[in-house]
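Enquirer: Generate coordinates for the sequence data below:
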Amino acid sequence: MKRILNIAVIGVLVISFSSCEKYLDDKLENPNLVKVPPINPLLATATYETSMNQYRLGYNVSYLAQYLASSSQGSDGDIYNEVDYSTTWRNFYSTMMNISEMNKLAEQNSAFHHLGVGKVLMAYNLNMLITAFGDVPFSEAFRGLDELTPVFDEQTTLHARSLELLEEGIASLSRTDALAEIDVPSDVVHGGKVAAWLKTAYALKARFLNQLSKTAAYNEENILTALESAYEKNEDDAALIAFDGLSPWNEVAVDNENLNLDGWLSTNIVNAMNGTTYGVFDPRLPLVASLTKFGDYRGTRNGAGRIGTGTDNEESYLPTNGYFSKGGAPLPLVTFAEMKFIEAEAAFRDGDKETAYNAYLAGIAANMNKIGVDEDDKNTYINNAAVSVGKDNITLALIFKEKYVAMMLNPESWVDMRRFDYLYKDFQLPLNAALSGFIRRLAYPSVEISRNGPNVPAITGLDQRLFWDQ
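Expert: Numbers count the residues shown, from 1 in each chain. Here you go, the predicted model:
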């Protein structure tokens, strides 16, 4: 699998958008560049790089969601100073250009299942971009030399477009006349299973529709309908299952173990799980966090930096044997547990507290089963009075709290935090935060400002709310 990925990355036409600098360099310096690459290597690159984009964005915003905290005092990523995410931006547009090329080839060759996967992947990348940056280039973004300074499309239009792409993907995946089969090793998310991609398309549809909870477009019934065709069990989850080198969170843990300090857990997530905030110890904590030399779990306050030396286990980190950070650990993209929490929220907003409560409990159980919590420990936690509150006492706060834990390190969790206005119990601003309130968006990267400046929208600050967060 690693060899396949290397071949795909090296031999496939992958054009970086960022004002097309890399594209121009490749065209000018390599006249023999493959112009019509084989479709399965394109698929390998598309599935792998989309998954890595989820990790790249997830790593960046995990400091904002306070899953992670910097070991250095006053780190820009911790305290809401502007951070230049040019590399992440380049990776997204490089991946999306690759998907665009794959989709064109799929259409030309009636490879409808490849096209369906491509549409789903394009929707996923686009949605991650707009929920982080707002308006972004899309309609003119993949024309290569024909358009070097594309316009920024409005985020409202692009959110609708992400849903349209999912519908187009569902239609293509549902066709029975595809003239090319998906190569199993080239699909590093679902191993070529078309039915699994259909479920993921519906799962993403439920996620995207749920993002609109603050808008007039929010429709609980549409979300619940989408969920009927989405995941039914943990085994349906979309996850990156093969890696070109170390799995990404394992690389973070290995770096930290080698004293390149990284993967430090925030006080907020640790206290949410160790009993400090909610009065109940979460048995998932030992499976995702390192034990300190004091025999307990301690986080690092965002903005404060490390308390001790950084080398003596005074605080908790992502360990090299943790669920997310062990060697070869799959990278979760979309999960059954997430779907249950989306169901819980939609049902609650629709006035059906019984369905909401049952889905909330099912989401906790699904995540604990996935992570590998002992059955007795799982039951003890779920049966605790602070968790099993009964259908009449279920609240959005409980649903969002449990989803926050279950979605650890996933960038979609930052979307949830903004939808919920950061109203988690004892959730604090970073120490010496640069904003008076919580962060709401990312700044546009310097690579886009320098190359396409006239088209880059002006923003009022990192506390500027995106259209779905009003």
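Enquirer: Strands along the protein, start to end?
Expert: 136-137, 152-153, 238-240, 331-334 (DSSP state E).
Enquirer: Of those strands, which is nearest residue 172?
Expert: strand 238-240 (17.3 Å; Cβ to Cβ). In short, each C-beta sits where N, CA and C put it, glycine included.
Enquirer: For residue 236, give me its contacts.
Expert: 196, 199, 230, 336 (Cβ atoms under 8 Å, 6 or more residues apart in numbering).
Enquirer: from those, which is closest to residue 469?
Expert: Using Cβ to Cβ, residue 230 comes nearest to residue 469 of these, at 24.2 Å.
Enquirer: pLDDT value on that closest one, please?
Expert: Note on residue 230: pLDDT of 98.
Enquirer: tell me the helices in the stretch 301-450 of the chain, going along the chain?
Expert: Listed in chain order, the helices of the stretch 301-450 of the chain (DSSP state H, counting those that start in this stretch) span 336-349, 353-371, 375-382, 396-406, 412-419, 446-452.
Enquirer: of all these, which lies closest to residue 390?
Expert: helix 353-371 (7.2 Å).
Enquirer: Generate a markdown table for the contacts of residue 236, with distance to residue 447 as supplementary columns.
Expert: Below are the contacts of residue 236 laid out as a markdown table (distance: Cβ to Cβ, whole Å):
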| residue | distance to residue 447 |
| --- | --- |
| 196 | 35 |
| 199 | 36 |
| 230 | 36 |
| 336 | 37 |
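Enquirer: Residue 42: which of the helices of the stretch 301-450 of the chain is closest?
Expert: Using Cβ to Cβ, the nearest of those to residue 42 is helix 446-452, at 24.3 Å.
Enquirer: Give the buried residues for that closest one.
Expert: Across helix 446-452, burial judged by 16 or more other Cβ atoms under 10 Å covers 447, 448, 449, 451, 452.
Enquirer: what residues are up against the spatially most central residue of the chain?
Expert: Centroid-nearest residue in the chain, with Cα atoms, centre = their mean: residue 411, separated by 3.6 Å. For residue 411, the contact set (Cβ under 8 Å, 6+ apart) comprises 54, 57, 58, 60, 61, 62, 128, 131, 132.
Enquirer: Distance-wise, check the first one relative to residue 111.
Expert: Relative to residue 111, residue 54 is positioned 24 Å away (Cβ to Cβ, to the nearest Å).
Enquirer: Kindly report the same for the last one.
Expert: In this structure, residue 132 lies at 31 Å from residue 111, with Cβ to Cβ as the measure.
Enquirer: so where is the protein shaky, pLDDT-wise?
Expert: For the chain, applying pLDDT under 70 flags the ranges 1-37, 145-147.
Enquirer: Show me the domain layout of it.
Expert: 1-241, 246-329, 336-428 (automatic domain parsing).
Enquirer: Out of those, the one nearest residue 436 is which?
Expert: domain 1-241 (9.8 Å).
Enquirer: burial measure for residue 465, as a count.
Expert: Residue 465 has 13 neighbours, counted by other Cβ atoms under 10 Å.
Enquirer: so it sits right up against residue 440, yeah?
Expert: Yes: Residue 465 is within contact range of residue 440, at 4.9 Å (criterion: Cβ atoms under 8 Å).
Enquirer: Now for those two: what residues contact both?
Expert: With Cβ under 8 Å, 6+ apart as the test, residue 465 and residue 440 both reach residue 418.
Enquirer: Might one say that residue 416 is in contact with residue 402?
Expert: No: if you go by Cβ under 8 Å, residue 416 and residue 402 don't touch, sitting 11.2 Å apart.
Enquirer: Which neighbours do these two have in common?
Expert: Common neighbours of residue 416 and residue 402, using Cβ under 8 Å, 6+ apart, do not exist here.
Enquirer: what residues are up against residue 259?
Expert: Applying Cβ under 8 Å, 6+ apart, the residues contacting residue 259 are 310, 311.
Enquirer: what's the spacing between it and residue 310?
Expert: For residue 259, the distance to residue 310 - Cβ to Cβ - is 8 Å.
Enquirer: How about residue 136?
Expert: For residue 136, the distance to residue 310 - Cβ to Cβ - is 37 Å.
Enquirer: got the domains of the chain as TSV, with distance to residue 458 columns?
Expert: TSV is the format used below for the domains of the chain (distance: least, Cβ to Cβ, whole Å):
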stretch	distance to residue 458
domain 1-241	11
domain 246-329	27
domain 336-428	21
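Enquirer: Out of those domains, flag the one nearest residue 435.
Expert: domain 1-241 (4.6 Å).
Enquirer: Can you give the distance of that closest one from its chain's centre?
Expert: What separates the centre of domain 1-241 from the centre of its chain is 11 Å, taken as Cα atoms, centre = their mean, to the nearest Å.
Enquirer: same deal with stretch 419-433?
Expert: For stretch 419-433, the distance to the chain centre is 20 Å (Cα atoms, centre = their mean).
Enquirer: can you check stretch 421-440 too?
Expert: The chain centroid and the centroid of stretch 421-440 are separated by 21 Å under Cα atoms, centre = their mean.
Enquirer: Quote the end-to-end distance of it.
Expert: 9 Å (Cα to Cα, to the nearest Å).
Enquirer: Perfect, I'm done here.
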